[in-house]
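> structure, please.
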Amino acid sequence: LMFFNSDIALLLWLLEKLVLYPLVLWYCVQLNQLKNGTEKIAGGEPGYQISTKRMTGIFKEQGEQINHISDGMTHAIEERMKSERFKTELITNVSHDIKTPLTSIINYVDLLEKEDLHNETAQEYLEVLERQSSRLKKLIEDLIEASKASTGNLPVHLERLEAGIFMTQTVGEFEEKTKAAGLDLVIEKPETPVYIMADSRHFWRVIDNLMNNICKYAQSGTRVYINLEVKEAQVSITFRNTSKYPLNISSDELMERFVRGDASRNTEGSGLGLSIAKNLVELMGGSISCQSKKGVGTTFTVSLPLAHAVDEKKQKAEETGEGEAEEDASESYDFGGRRILLAEDTEMNAEIVTELLELVNMHVDHAWNGEEAVERYMESAPGTYMAVLMDVQMPGMNGYEAAKAIRAQKSSRPDAGEIPIYAMTANA
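This next block holds a predicted model:
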């Protein structure tokens, strides 16, 4: 009797483990799906949707709530983008409409200056007209450039530039302005040439905007430091000055369009200079940051790609004779957003395949099993998918059966008999 009871106890223990372990595992899988989904949304994919088909109970409810949040964020972003596009189009159109009559005003002012005016008052008025029309012209040009830069519509011609030459040029170009503002300009740069990849016109515009900002708002009688240094594969150019006025806005807000600190509104300017500089740097593949400390000053840091790092890569490829054959995958292979149907029941495998295909600009539609893959294929328009990647071992309808089901549709769908279907298996 004792042995009989022990056998029953052992059987009950085994049954408990057989039921409990899969249940705990299933809960862990659902929690992991929720975790991965929220991480993707928090990481910059607001439109990501968590698959709740296999979820149950509170996990399904939470997953659907997260998807609703994702939908709301996507809608808000779309509305914000629509608003930004409307604002940009309005600025561009209005700027162009103002520029036409302004050009006529500037031309007439120029003609009047060539006349022999004996009236001193009229001459003074003419000087005011010339000064203000030039200011308005500069404002309109800034508006148009800010509009184009923010939407990425400015052409960028990257080339190998010696950054030190631009630093030397800055000293000469701003000598009068810095003296008038009571500033002492100090340049610190390496003795050896430092090369960057940048557009020469845009790069100088960035320097020009930052220096004009410094000349306006730096405290008279102080030094302005421009430091050029190499940090790994980046070149860092730092502009450091002591501000005349304390900033009452954040550094991020300062880089936005039409923004200036309230205390500085008695100076000329559109509030566009730093925004244009930020957009131009980003168009060239770099970044710009601003840090401000009360009583210390403001520091602008421009980071751009180091040129010789790119050149060394090309040189190495040329020396091995594989310059054309072994380019970077993102440059060599770009499928232009073509769609792939992936049938894979293992989440980790699906994520890896999706990540690899997205690197070459492919869009992946994921089905969890063969039946779902066939349904997705039949619901799509002919020619939607470039190929099908089919896992062989899947629950329910396996890869072989799903491939046969797709091929069987060739009488009603011409592409069903031609679309490539690639088997994926660990048993090769």
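
> which neighbouring elements make contact with the host helix or strand of residue 229?
Per DSSP states H and E, residue 229 falls inside strand 223-231. Helices and strands touching strand 223-231, by 3 or more C-beta pairs under 8 Å, 6 or more residues apart in numbering; DSSP states H and E, are helix 163-173, strand 184-188, strand 234-241. No exception for glycine: its C-beta is placed from N, CA and C like everyone else's.

> so how far is the first one off the chain centroid?
It refers to helix 163-173. 30 Å (C-alpha atoms, centre = their mean, to the nearest Å).

> please save the CA atoms from it in CSV.
Coordinates of each C-alpha in helix 163-173 appear next as CSV, following Å, rounded to 0.1, in the frame of the first residue of the first chain:
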residue,chain,number,x,y,z
ALA,A,163,38.6,72.2,-41.6
GLY,A,164,41.6,74.2,-40.5
ILE,A,165,41.4,76.5,-43.5
PHE,A,166,37.8,77.4,-42.5
MET,A,167,39.0,78.3,-39.0
THR,A,168,41.6,80.6,-40.4
GLN,A,169,39.1,82.1,-42.8
THR,A,170,36.8,82.7,-39.8
VAL,A,171,39.4,84.9,-38.1
GLY,A,172,39.7,87.1,-41.2
GLU,A,173,36.1,87.3,-42.1
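
> now it: buried residues?
163-164, 166-167, 170 (16 or more other C-beta atoms under 10 Å).

> for the residue lying closest to residue 272 once chain neighbours are set aside, helix, strand, or coil?
Beyond its immediate neighbours in the sequence, the residue positioned closest to residue 272 (C-beta to C-beta, 6 or more residues apart in numbering) is residue 142, lying 4.4 Å away. Following DSSP: H, G, I helix; E, B strand; the rest coil, we place residue 142 in the helix state.

> can you check residue 156 too?
coil.

> and it, backbone torsions?
phi -120, psi 120 (degrees, to the nearest 10).

> which residues sit in contact with it?
199, 202, 283-284 (C-beta atoms under 8 Å, 6 or more residues apart in numbering).

> what about the helices in the stretch 201-350 of the chain?
For the stretch 201-350 of the chain, the helices defined by DSSP state H, counting those that start in this stretch occupy 251-254, 273-283, 307-319, 329-332, 347-359.

> rank these by pLDDT, which is bottom?
With a mean of 46, helix 329-332 has the lowest mean pLDDT of the helices of the stretch 201-350 of the chain.

> coming back round to it: partner strands of the strand holding residue 229, parallel or antiparallel?
Strand 223-231 has its sheet partners listed here by DSSP bridges as strand 184-188 (parallel), strand 234-241 (antiparallel).

> quick check: buried residues in the first one?
Pointing back at strand 184-188 there. Result for strand 184-188 [16+ other C-beta under 10 Å]: buried residues residue 185.

> with the buried residues of helix 163-173 in mind, which one is nearest to residue 236?
residue 163 (10.0 Å; C-beta to C-beta).

> mean confidence for stretch 232-241?
Rounded mean pLDDT across stretch 232-241 is 89.

> which positions in that stretch come out as buried?
In stretch 232-241, counting by 16+ other C-beta under 10 Å, buried: 235-241.

> same list, these, but as a markdown table with distance to residue 59 please.
What follows is the buried residues of stretch 232-241, written out as a markdown table (distance: C-beta to C-beta, whole Å):
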| residue | distance to residue 59 |
| --- | --- |
| 235 | 49 |
| 236 | 47 |
| 237 | 51 |
| 238 | 50 |
| 239 | 52 |
| 240 | 53 |
| 241 | 55 |
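
> ok, of those, which one's closest to residue 416?
Distances from residue 416 to those, taken by C-beta to C-beta, are shortest for residue 235, at 54.6 Å.

> list the contacts for that closest one?
Shown in contact with residue 235 (C-beta under 8 Å, 6+ apart): 163, 194, 196, 228-229, 303-306.

> give me the contacts around stretch 116-136.
In contact with stretch 116-136 (C-beta under 8 Å, 6+ apart) are residues 98, 102, 105-106, 109, 112-113, 268.

> pull the most distant pair out of those.
112 and 268 (23.7 Å).

> burial count for the residue nearest to residue 181 when sequence neighbours are not counted?
Excluding the flanking residues, the one nearest residue 181 by C-beta to C-beta, 6+ apart is residue 215, at 4.9 Å. Residue neighbour count, defined by other C-beta atoms under 10 Å, stands at 18 for residue 215.

> so residue 215 touches residue 179, yeah?
No: using C-beta atoms under 8 Å, residue 215 is not in contact with residue 179, being 10.0 Å away.

> residue 213 versus residue 175, what's the distance?
Per C-beta to C-beta, to the nearest Å, residue 175 is found 17 Å from residue 213.

> repeat that for residue 48.
From residue 48 to residue 213 the distance is 39 Å (C-beta to C-beta).

> same deal with residue 75?
From residue 75 over to residue 213 (counting by C-beta to C-beta), the distance is 37 Å.

> of the two, which one has the most company?
Set residue 75 next to residue 213 and count neighbours by other C-beta under 10 Å: residue 213 wins out with 21 against 12.

> lowest confidence element among the helices and strands of the chain?
Each helix and strand of the chain was given a mean pLDDT (mean pLDDT, DSSP states H and E); the minimum falls on helix 329-332 at a mean of 46.
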